[in-house]
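In: got a sequence here, can you model it:
(one chain, ligands or ions: 1)
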Amino acid sequence: MYGPTEDLFTLKTVIQSFRNWPKIFRLFWTVQKGYFITIVILNILQGLFPVGMLYVTQELVNAVSGGVSQDGDTVLISFLFFISFILVKQLVTLIQNYVEGLFQSLLSNRLREMVLEKANSMGLADFENAEVQDQLKRAQQETSYRPYQIFELVLSIVSGVISLVSTSLFLIFWKWWVVFILVLFPLISFYSYLRLSQQEFYIRWSRAERERRGWYISHLLTHDRAFKEVQIYKLGSYLITQFRDMITQFFYEDKKIATTRLKTSLVFESLTIAMIGFMSFIAIKAAFLKEILLGNLVSYIQGITLTQTTSQSLMHSLIGLSQHNMFVEQLFLFLERDSSDPVKLQKVTITTPQQNDPFVLESIEFVNVSFTYPETERSVLQNLSFKINKGESLAIVGENGSGKTTLVKLLTLLYKEYDGQILINGTDLNAFDLEQIRAKIGVVFQDFMQYEMPIRNNVGFGDLSLLRHDDKLYHALEKSGMRSLAEGLEQGLDTQLGKWFTEGLQLSGGQWQRIAIARAFFRNADLYILDEPSAALDPVAEKEVFDAFNLLTKERMGIFISHRYSSAQYADRIMVLDQGRIVEFGTHSELIRLQQKYASLYNLQASPFVSQS
Ligand SMILES: Nc1ncnc2c1ncn2[C@@H]1O[C@H](COP(=O)(O)OP(=O)(O)OP(=O)(O)O)[C@@H](O)[C@H]1O
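Out: Sure thing, here's the model as predicted:
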């Protein structure tokens, strides 16, 4: 297993985890300076309140009991002072809650945005990597609240230290050793609590993958796509049992830690109470013997309790801080990891139509390209060399798993780690801005997306800059044979598709595919790629789509993958892939004359006894 293990949580790692603080505080500063400063000031004030409270209480009690003065005015002034103090304290607390709430929302929004921005800048290889998925999961889980909790704890430590110092000074004039014991005692329990918090972190850390599995099971059980199979194959109770086993295991892990925490707390809390009891007894005895005034007795007892709780909560804050640090470390690990994709996130300017881009794809050439998927051994594409020029169409055929889709993924620049060279207009691909090249490619993947959004978005995502150009959207829909359906709808292009949201129109598999084709055609691309376009299309739709495709690619480039050899024959050239190698390459008639794999499969499909798939 990668990452930390339970034994690795030493004091050193705890200290090291503080290295993210400059980044965290820079983030706070950039989120909202005004709120940030206000929160700091209000927390310092909060730190001074306890000792203030001790003082006004002492003054009031002494005034009432006549220990300081018999004068009625003094009592009244002390009382008004006491009430005003409480009022100010409450006001500060209210304002503090208000500002902190707003700041926390802003911070959590910004962090969530940062995680999404990072995810958007990653490559496909990252998304297919379980370790990255775990990191993403941890980052998402911790983003919304951990950094703010660090801030809160730092502030509470600051105000805690102020309280501790001021209340200690108050007690020191009575008996210095009382303060010494009260501060020292929580330090003794520090190690036990630190160990516990590290164990908690490890448990949560190691859960990321299992939590994702749990999420997947609940996704299967709660989403329409899986519903049919879950019902027909009666998978429900099996999946629920798996889910239950998983959460039960989580529960027992949590329970074990909670029990240890309970035992530790029981020991230390009992000792604490005994200690406070002993010290209070000393103060009561002194008051009984008239060595101190009644007001002083009250403030000493409060002071003892306050010093004890403050020093204990300071200790817990420090431990909490180290735990939050470890979690935040995971967040920054994700935010700062190198992307497998050379394309860095760019702000999309959706106002400039892509039509204005002077760059034109003239040719794409593969020179001895071999490819192995990350984290795997087997070479999926081996020594591919071919060239496609503007105005040409290419059909790629081959058995399942022969590497057709992988080739499309390389063509669409989704993986950068390949051997050999890919040349664009005769120049190595790496010399180009990949975003610019991608903007010139319109593609329908085998597992195309069905966006649970209006038709406008489903098609318009092909070119965001033209999202509001209804005529162009309808034109693209016409090419994929979906115009009349869209025009017949009451809401037209703004009809919601899918069933996830209200008033959604559910399409058939073939209709969804045609929408995806319209999306690709909507883009003013130089290269159009259709991966298995006929998979869900009826013969009439297939013919329409191919006619549109041929027309569209006349002055451009067109590549399609198909298992239907009847479609492949109309491409200018055909590539036959077998176990990642090009075994035949040429026109339909050339390959038929060769009488090899293509010819035999073509004849097999043409035979009246084989149904076309
Ligand atoms: N993301 C991936 N990670 C690792 N291996 C993969 C990945 N995707 C595909 N493969 C492997 O690469 C090989 C080629 O897959 P590819 O999808 O390119 O085949 P294909 O020719 O398009 O097949 P089909 O006709 O079934 O769509 C297969 O052996 C597959 O197991």
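In: let me know the pLDDT of the residue in the stretch 51-200 of the chain that the ligand sits nearest to.
Out: Using CB to the nearest ligand atom, residue 128 is the residue of the stretch 51-200 of the chain that sits closest to the ligand, at 4.9 Å. All C-beta atoms are positioned from the backbone trio N, CA, C, and that covers glycine. The score at residue 128 is 82. That number is its pLDDT.
In: so who does it touch?
Out: Residue 128 makes contacts with 373, 374, as judged by CB atoms under 8 Å, 6 or more residues apart in numbering.
In: grab the nearest non-local neighbour of the spatially most central residue of the chain.
Out: Nearest to the geometric centre of the chain sits residue 140, at 3.9 Å (CA atoms, centre = their mean). Nearest non-adjacent residue to residue 140, counting by CB to CB, 6 or more residues apart in numbering: residue 115, 5.8 Å away.
In: how close does that neighbour get to residue 135?
Out: Look at residue 115 and residue 135: by CB to CB, to the nearest Å, they are 10 Å apart.
In: and residue 96, by the same measure?
Out: As judged by CB to CB, residue 96 and residue 135 stand 35 Å apart.
In: go on, residue 600?
Out: Applying CB to CB to residue 600 and residue 135 gives a distance of 48 Å.
In: so which of the two has more stuff around it?
Out: Higher neighbour count among residue 600 and residue 135: residue 135, with 21 against 10, using other CB atoms under 10 Å.
In: I figured the residue nearest to the centre of the chain hits residue 114, correct?
Out: No: taking CB atoms under 8 Å as the definition, residue 140 is not a contact partner of residue 114, at 10.9 Å.
In: who touches both of these two?
Out: By CB under 8 Å, 6+ apart, no residue touches both residue 140 and residue 114.
In: which SS class is residue 337?
Out: When classified by DSSP: H, G, I helix; E, B strand; the rest coil, residue 337 comes out as coil.
In: and it, what does it touch?
Out: Taking CB under 8 Å, 6+ apart, we find residue 337 in contact with 132, 135.
In: and it, its phi and psi?
Out: phi -70, psi 150 (degrees, to the nearest 10).
In: what about it, distance to residue 255?
Out: 34 Å.
In: likewise for residue 120?
Out: Taken as CB to CB, the span from residue 120 to residue 255 is 39 Å.
In: try residue 454
Out: 48 Å.
In: what do you get for residue 63?
Out: According to CB to CB, residue 63 stands 53 Å off from residue 255.
In: near the ligand, which residues of this protein?
Out: Applying CB under 6 Å from any ligand atom, one finds that the chain approaches the ligand through 128, 373, 376, 380, 398, 400-406, 446.
In: buried among those? Need that as a selection in PyMOL.
Out: To isolate the buried ones among the residues of the chain next to the ligand in PyMOL, judged by 16 or more other CB atoms under 10 Å, type:
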select buried, resi 373+380+398+402+403+404+405+406
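In: the residues of the chain next to the ligand in helices, which ones?
Out: 404, 405, 406 (DSSP state H).
In: mind listing what's buried along the helix or strand harbouring residue 136?
Out: Using DSSP states H and E, residue 136 falls within helix 130-143. Across helix 130-143, burial judged by 16+ other CB under 10 Å covers 132, 134, 135, 136, 137, 138, 139, 140, 141, 142, 143.
In: out of those, who's nearest residue 292?
Out: Closest to residue 292 out of the buried residues of helix 130-143 is residue 142 (50.3 Å), distances taken as CB to CB.
In: shouldn't that closest one be in contact with residue 327?
Out: Yes: using CB under 8 Å, residue 142 is in contact with residue 327, at 4.6 Å.
In: got the phi/psi numbers for residue 447?
Out: According to degrees, to the nearest 10, residue 447 has phi -100, psi 60.
In: what about it, neighbour count?
Out: When neighbours are defined as other CB under 10 Å, residue 447 has 8 of them.
In: same thing with residue 86?
Out: Neighbours of residue 86 (other CB under 10 Å): 12.
In: please apply the same query to residue 195.
Out: 14.
In: for the nearest residue to residue 134 once chain neighbours are set aside, what are its contacts?
Out: Distances taken as CB to CB, 6+ apart place residue 208 nearest to residue 134, at 4.0 Å, with adjacent residues excluded. Residues near residue 208 by CB under 8 Å, 6+ apart: 134, 135, 137, 138, 141.
In: how about the strands in the protein?
Out: Here the chain has its strands, by DSSP state E, at 363-372, 379-389, 393-398, 419-424, 427-428, 441-444, 527-531, 557-561, 573-578, 581-586.
In: give me the number of residues near the closest residue to residue 457 other than its chain neighbours?
Out: The shortest distance from residue 457 to any non-neighbouring residue, by CB to CB, 6+ apart, is to residue 451 (5.8 Å). When neighbours are counted by other CB under 10 Å, residue 451 registers 17.
In: hmm, residue 451 is touching residue 496, no?
Out: No: counting by CB under 8 Å, residue 451 does not reach residue 496; the two are 10.2 Å apart.
In: ok so, going back, mutual contacts of residue 142 and residue 327, please.
Out: Among the neighbours of residue 142, none is also in contact with residue 327 (CB under 8 Å, 6+ apart).
In: how is this structure carved up into domains?
Out: Residue ranges of the domains in the chain are recorded as 11-335, 391-405+435-606, according to automatic domain parsing.
In: quick one: distance of the longest one to the chain centre.
Out: Yep, that's domain 11-335 we're talking about. 24 Å (CA atoms, centre = their mean, to the nearest Å).
In: any low-confidence regions in this structure?
Out: Within the chain, the ranges that satisfy pLDDT under 70 run 1-14, 16-17, 66-71, 143-144, 340-357, 534-535, 607-613.
In: straight-line length of stretch 498-505, end to end?
Out: 5 Å (CA to CA, to the nearest Å).
In: just use 633 as the starting number from now, easier for me
Out: Okay, residue one is now 633; in that scheme the one you just asked about reads as stretch 1130-1137.
In: which residues does it contact?
Out: By CB under 8 Å, 6+ apart, stretch 1130-1137 touches 856, 1082, 1083, 1084, 1085, 1121, 1127, 1128, 1129, 1138, 1139.
In: show me which of the residues you listed are buried.
Out: Counted by 16+ other CB under 10 Å, the contacts of stretch 1130-1137 give 1082, 1083, 1085, 1127, 1128, 1129, 1139 as buried.
In: of these, closest to the ligand?
Out: Closest to the ligand, out of all of the buried ones among the contacts of stretch 1130-1137 and judged by CB to the nearest ligand atom, is residue 1082, at 18.5 Å.
In: got a list of what the closest one touches?
Out: Residue 1082 touches 1090, 1129, 1130, 1139, 1144, 1147, 1148, counting by CB under 8 Å, 6+ apart.
In: on that earlier part again, got the phi and psi for the residue nearest to residue 1089?
Out: Residue 1083 has phi and psi values of phi -80, psi 130 when expressed as degrees, to the nearest 10.
In: who's in contact with it?
Out: By CB under 8 Å, 6+ apart, the residues touching residue 1083 are 1089, 1090, 1093, 1129, 1130.
In: surely the fourth one meets residue 1146?
Out: In other words, residue 1129. No: Residue 1129 lies out of contact with residue 1146 (CB under 8 Å); the separation is 11.9 Å.
In: ok, residue 991 to the ligand distance?
Out: 28 Å (CB to the nearest ligand atom, to the nearest Å).
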